[in-house]
Each structure stands twice: as structure tokens, then as C-alpha cells.
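K.L.:
the sequence and its predicted three-dimensional model are supplied below.
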Amino acid sequence: GAGVSQSPRYKVAKRGQDVALRCDPISGHVSLFWYQQALGQGPEFLTYFQNEAQLDKSGLPSDRFFAERPEGSVSTLKIQRTQQEDSAVYLCASSRDSQETQYFGPGTRLLVL
Amino acid sequence: KNEVEQSPQNLTAQEGEFITINCSYSVGISALHWLQQHPGGGIVSLFMLSSGKKKHGRLIATINIQEKHSSLHITASHPRDSAVYICAVSRAGNQFYFGTGTSLTVIP
């Protein structure tokens, strides 16, 4: 079946602009994770959903970051009033359960000018 | 903050060489994951293990829970193995901690 997909693959935003990043997990996967990966670094945890419930958002760097998964499938990560330091690859991963193998999407590369 | 440390950061090998990448962690874990990331961002999960050893083709992963250490071995390395290899640990709940990765280049 299809893997995790993300869109857009690339996004260039002007500083101050709002952006929305989409993740389509593997069908039936309960758990969904968002990660931020800066250049040359490993991914860092942002937030986690189990079905539609956001159980952990401790990794979101500021209140400009907001994530939702209203129907327990597709998720959107929204960044308001983007700053240059938000430039990174945003990775989405899903798994059947939070402790099982995660399947990663290709990521969205965000560049804030 | 570095719950997961990897070494080396960069590794260059000749085709055919045996490669070892090491991972140490400082927190209690429920499982350890080895991931492969190719240029362009795609991440593939190679192994998830909580004890002992796992083998898949030319890749072998081992973990020593007492020493909080894991190794990823690649036998008969090939240029297509060139990628960043990331160690990650998961804890009870949903927290995942990632290492910064080891960039491997295999030269023909």
C-alpha cells in the first residue's frame, strides 16, 4: 500500500507568512508524529497524536506552532508568523501503535526568507 | 540534552569494508531504532530492537541493555549504502530521542 505522504515537498515563505504542512499517514495507523530536522541534525520531536487526540505537544517550539488531526487520519502542522529559524525539514511519521516501527514521509523542506 | 550519542559523525570506507556505527544512550528505553536517511530526506526504518541482535541482509544490529549501547554493522559495504544512519530510542509513552546521525560514504 501507499506510504506516508507529505505536501508540499518544498515551501518558501516570507518571514511573517503563515504556512500549513500536510501529512497523510498510512491508512489505519493510529499514531502520528511530527518532527523538525534542522540541517545537519537529527530529527527532533514536535508533537504526537493517537487517533485525533494530541497527547503530547511538548516539542512544539512556540505558540506559533499548531498541529491538528481532526478525523484521526490526515494531520496538518501550521506555523504562524514564520521566522527564519523555522527553516527546516518537517517530517511526519506514522505507526500502528506508538511503540511500533515508525514509517516516515519524505518531509517538507521549509525555507523562510 | 544529548540523550543519544552516535559515533563516528562521519565515516568514509572503501567498497567491501566492514563498517560499524555506535550508539550510546543515557535514558531508560523501551526500544532502540536504527534509521537510514538518504539525501533528499527520505527516512527508512532498518531495525527496531529491545534486546540481543537482529540481522537483515548485510546489516546487523546489536544492543546491550546493561551498557546502554548499540551497534550497527554493515558487511561487504557497497556505494549504495552511502547515507546517514540515525540511532533513535523510544521510551514508555511516545517520546522518541534521535542521535545526530552518522554520515557514511562508501567509495567504489
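P.N.:
Done, it's in.
K.L.:
from here on, contacts and neighbour counts on C-alpha atoms
P.N.:
OK.
K.L.:
near the residue of chain B found nearest chain A, how many other residues are there?
P.N.:
With CA to the nearest CA as the measure, B:Thr100 is the residue of chain B nearest to chain A, at 4.1 Å. The number of residues packed near B:Thr100 is 23, by other CA atoms under 10 Å in any protein chain shown.
K.L.:
ok, A:Phe112 touching A:Asp18?
P.N.:
Just to correct that, residue A:112 is Val rather than Phe. No. Under the criterion of CA atoms under 8 Å, A:Val112 makes no contact with A:Asp18, lying 10.4 Å away.
K.L.:
so what's in contact with these two at the same time?
P.N.:
Both A:Val112 and A:Asp18 are contacted by A:Thr82, under the criterion CA atoms under 8 Å, 6 or more residues apart in numbering or on different chains.
K.L.:
what's the spacing between the residue of chain B closest to chain A and A:Glu100?
P.N.:
For B:Thr100, the distance to A:Glu100 (CA to CA, to the nearest Å) stands at 21 Å.
K.L.:
picking that back up, check which helix or strand the nearest residue to the residue of chain B closest to chain A once chain neighbours are set aside maps to.
P.N.:
Excluding its sequence neighbours, the residue lying closest to B:Thr100 (CA to CA, 6 or more residues apart in numbering or on different chains) is A:Gly42, at 4.1 Å. Under the criterion DSSP states H and E, no helix or strand holds A:Gly42.
K.L.:
show me what B:Leu49 is bridged to.
P.N.:
Beta bridges link B:Leu49 to B:Leu32, judged by DSSP bridges.
K.L.:
same question, the one 4 residues further on
P.N.:
For B:Lys53, the residues forming beta bridges with it (DSSP bridges) are B:Thr62.
K.L.:
how many neighbours does it have?
P.N.:
Neighbours of B:Lys53 under the rule other CA under 10 Å: 15.
K.L.:
using the three-state scheme, assign A:Glu85.
P.N.:
helix (DSSP: H, G, I helix; E, B strand; the rest coil).
K.L.:
list the contacts of the nearest residue to it once chain neighbours are set aside.
P.N.:
Spatially, and ignoring its direct neighbours in sequence, A:Glu85 is nearest to A:Val112 (7.7 Å; CA to CA, 6+ apart). Listed by CA under 8 Å, 6+ apart, the contact set of A:Val112 reads A:12-15, A:82-87.
K.L.:
next, A:Val112: phi, psi?
P.N.:
With angles defined as degrees, to the nearest 10, A:Val112 sits at phi -110, psi 120.
K.L.:
what separation do you get for it and chain B?
P.N.:
18 Å (CA to the nearest CA, to the nearest Å).
K.L.:
okay, and the beta partners of that residue?
P.N.:
Bridge pairing for A:Val112 - DSSP bridges - gives A:Ala13.
K.L.:
tell me how many other residues crowd the closest residue in space to A:Arg69 that isn't next to it in sequence.
P.N.:
Spatial nearest neighbour of A:Arg69, excluding adjacent residues (CA to CA, 6+ apart): A:Ser75 at 4.3 Å. Burial measure for A:Ser75: 23 neighbouring residues, criterion other CA under 10 Å.
K.L.:
A:Ser75 and A:Ala20 touch, don't they?
P.N.:
No. Contact criterion CA under 8 Å: A:Ser75 and A:Ala20 do not qualify, at 10.1 Å.
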